[in-house]
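Visitor: generate a structure from the sequence data that follows.
(one chain, ligands or ions: 1)
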Amino acid sequence: MEKLSRSRINEYNSARLGEGFGFESDVYVAFISLKSALESFFNIYRLFRIYDYEKLDPSEYENNIDYYSVYSDTIIHLHHFFELIIKDLLQQEHPMLVFRFDRAVTAPQLLDIFNGKKVTSDLDEDIFTIEFVRSLRYVVDLYRSDSEKYCKYKVFKEAQSQLKYLNVLRNNMWHQGSYVLTIKDFTEFIQSYIFPVISVVSKMERYSVIDFWKPVISYKRVNVFECLIEKENYNEFNLLLELGRASYQNSFRSNLLNRCNQNENIKNKLKIFSTDVKQFYEDYKAGRDAKILSRAKNLNLTECPVCGIKALMPDSSFSSDRGGCSKVKCDFCSFEIYDDICLESNLFGIERFW
Ligand SMILES: [Zn+2]
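Guide: So this is what the prediction gives:
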């Protein structure tokens with residue numbers, strides 16, 4: 001790869017941006033951030049295999065690089081998601097609502113901007129977008145001014161304190177980098193206070209068509225995210241985390257995304273779990289089932305709840321003090337659970353391995 005020369009860097013610097021492209025819409029970038037946040041958050045069970053988060057010894061995760069990565073990626077991406085969504089909503093009210101101006105901007109220039117004239121590159125340096133807390137206050141102000149007209153912003157009024165707290169956590173990460181919640185408080189905050197807000201926002205008419213971020217598993221096409229909001233016992237909570245994590249690793253998902261990349265319409269491209277994929281999935285599954293069966297003839301394979309492929313099997317390489325089968329894994333999508341998860345009630349169709 002060509003090394004960036006000093007003169008090239010200076011060139012970039014004077015133009016302020018290197019070669020690149022603008023993504024079609026900030027809205028999609030917001031949901032890409034949401035997906036990144038969930039991908040990080042779902043790693044908690046796999047990394048720590050915690051049954052009871054309250055009884056976990058802090059030495060297990062304090063100063064732990066893996067925990068720090070999960071925590072920071074989750075907080076920063078969720079903050080980014082809400083920031084872009086709220087600004088998108090404000091811009092639907094008026095494109096200028098999200099901007100603030102430096103004192104150097106004069107009244108005639110402001111008028112030009114308000115009248116939709118193109119911003120010159122000189123002026124560009126004196127225009128900023130408003131910060132997260134102010135944009136949150138704006139949508140709440142609108143709701144308070146006319147709760148009927150602006151009823152869709154009710155969710156932000158009700159979630160004001162937790163979103164401000166998310167901002168505090170993000171700032172502590174971003175500017176100081178050292179303050180990290182305990183696993184118990186972190187998971188409780190995300191699950192009980194942030195997920196319900198995401199659920200409401202993602203169902204708004206403007207965003208409901210976007211579903212590429214959803215951790216959908218093949219078992220009854222369950223959306224793991226919606227299930228997680230309600231869960232109070234650690235058993236199902238942990239299982240759902242692992243189902244969600246593996247759902248993003250399912251290569252059927254990336255195959256489908258690649259197939260959809262040929263489609264010029266970005267809405268269809270990103271709406272991967274829509275209709276019209278059933279036959280593609282059936283063909284794909286049949287091919288995979290045959291391939292796995294041909295090289296694992298003697299194994300007792302059952303259907304994986306995540307990818308739907310018959311590739312779920314006991315992991316013989318894992319030894320447990322308790323003896324017997326203590327871990328099962330899917331040979332296809334990476335889903336794996338240990339016997340600290342109770343399978344008595346046939347959860348998500350998983351056979352009772354223990
Ligand atoms: Zn699988």
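
Visitor: just the strands in this protein please.
Guide: Secondary structure of the chain (DSSP state E): strands at 99-101, 127-129, 302-303, 310-314, 327-330, 336-338.

Visitor: direction included, what does the shortest one pair against?
Guide: Listed by DSSP bridges, the sheet partners of strand 302-303 and their directions read strand 310-314 (antiparallel).

Visitor: so where is the stretch 201-350 of the chain shaky, pLDDT-wise?
Guide: 251-300, 318-325 (pLDDT under 70).

Visitor: pipe the strands of the chain into a markdown table and attach mean neighbour count per row.
Guide: (Each C-beta comes from the backbone N, C-alpha and C, glycine too.) A markdown table is the format used below for those (neighbours: other C-beta atoms under 10 Å):
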| stretch | mean neighbour count |
| --- | --- |
| strand 99-101 | 14 |
| strand 127-129 | 14 |
| strand 302-303 | 18 |
| strand 310-314 | 22 |
| strand 327-330 | 22 |
| strand 336-338 | 21 |
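
Visitor: including distance to Q92, could those strands go into CSV?
Guide: As requested, those are exported to CSV (distance: least, C-beta to C-beta, whole Å):
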stretch, distance to Q92
strand 99-101, 15
strand 127-129, 15
strand 302-303, 44
strand 310-314, 45
strand 327-330, 42
strand 336-338, 43
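
Visitor: tell me which of those sits nearest to D141.
Guide: Ranking those by their distance to D141 (criterion: C-beta to C-beta) puts strand 99-101 first, at 15.4 Å.

Visitor: mind listing the strands that closest one pairs with, and their directions?
Guide: strand 127-129 (antiparallel).

Visitor: ok so, going back, T182 is nearest to which of the strands of the chain?
Guide: strand 336-338 (22.6 Å).

Visitor: quick one: residues in contact with the closest one.
Guide: Where contact means C-beta atoms under 8 Å, 6 or more residues apart in numbering, the residues beyond strand 336-338 that reach it are 46, 49, 239, 242, 246, 315, 326-330, 350.

Visitor: returning to that earlier point: can you list the strands of the chain in TSV and add distance to the ion?
Guide: Shown next, in TSV, are the strands of the chain (distance: least, C-beta to the ion, whole Å):
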stretch	distance to the ion
strand 99-101	47
strand 127-129	42
strand 302-303	9
strand 310-314	6
strand 327-330	3
strand 336-338	9
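
Visitor: just so I know, which of these lies nearest H79?
Guide: Per C-beta to C-beta, nearest to H79 of the strands of the chain: strand 127-129, 14.3 Å.

Visitor: distance from that closest one to the middle of the chain?
Guide: The chain centroid and the centroid of strand 127-129 are separated by 27 Å under C-alpha atoms, centre = their mean, to the nearest Å.

Visitor: quick one: average pLDDT of that strand?
Guide: Across strand 127-129, pLDDT averages out at 77.

Visitor: contact partners of that strand?
Guide: With C-beta under 8 Å, 6+ apart, strand 127-129 has contacts from 87, 98-102, 105, 113, 119.

Visitor: can you put the contacts of strand 336-338 in CSV and add distance to S59?
Guide: As requested, the contacts of strand 336-338 are exported to CSV (distance: C-beta to C-beta, whole Å):
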residue, distance to S59
R46, 19
R49, 15
L239, 26
E242, 24
A246, 28
D315, 28
S326, 24
K327, 24
V328, 29
K329, 28
C330, 32
I350, 32
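
Visitor: how about these, which pair is most distant?
Guide: Farthest pair in the contacts of strand 336-338, by C-beta to C-beta: A246 and S326, 18.5 Å.

Visitor: which of these two has more neighbours?
Guide: A246 (26 against 18; other C-beta atoms under 10 Å).

Visitor: among the contacts of strand 336-338, which one sits closest to S202?
Guide: A246 (21.2 Å).

Visitor: OK, contacts around the closest one?
Guide: So A246 contacts 217, 306-307, 330, 333-336 (C-beta under 8 Å, 6+ apart).

Visitor: farthest-apart pair in those residues, please.
Guide: Within the contacts of A246, two members stand farthest from each other by C-beta to C-beta: I217 and E336, at 14.2 Å.

Visitor: look up how far S202 lies from S208.
Guide: 7 Å (C-beta to C-beta, to the nearest Å).
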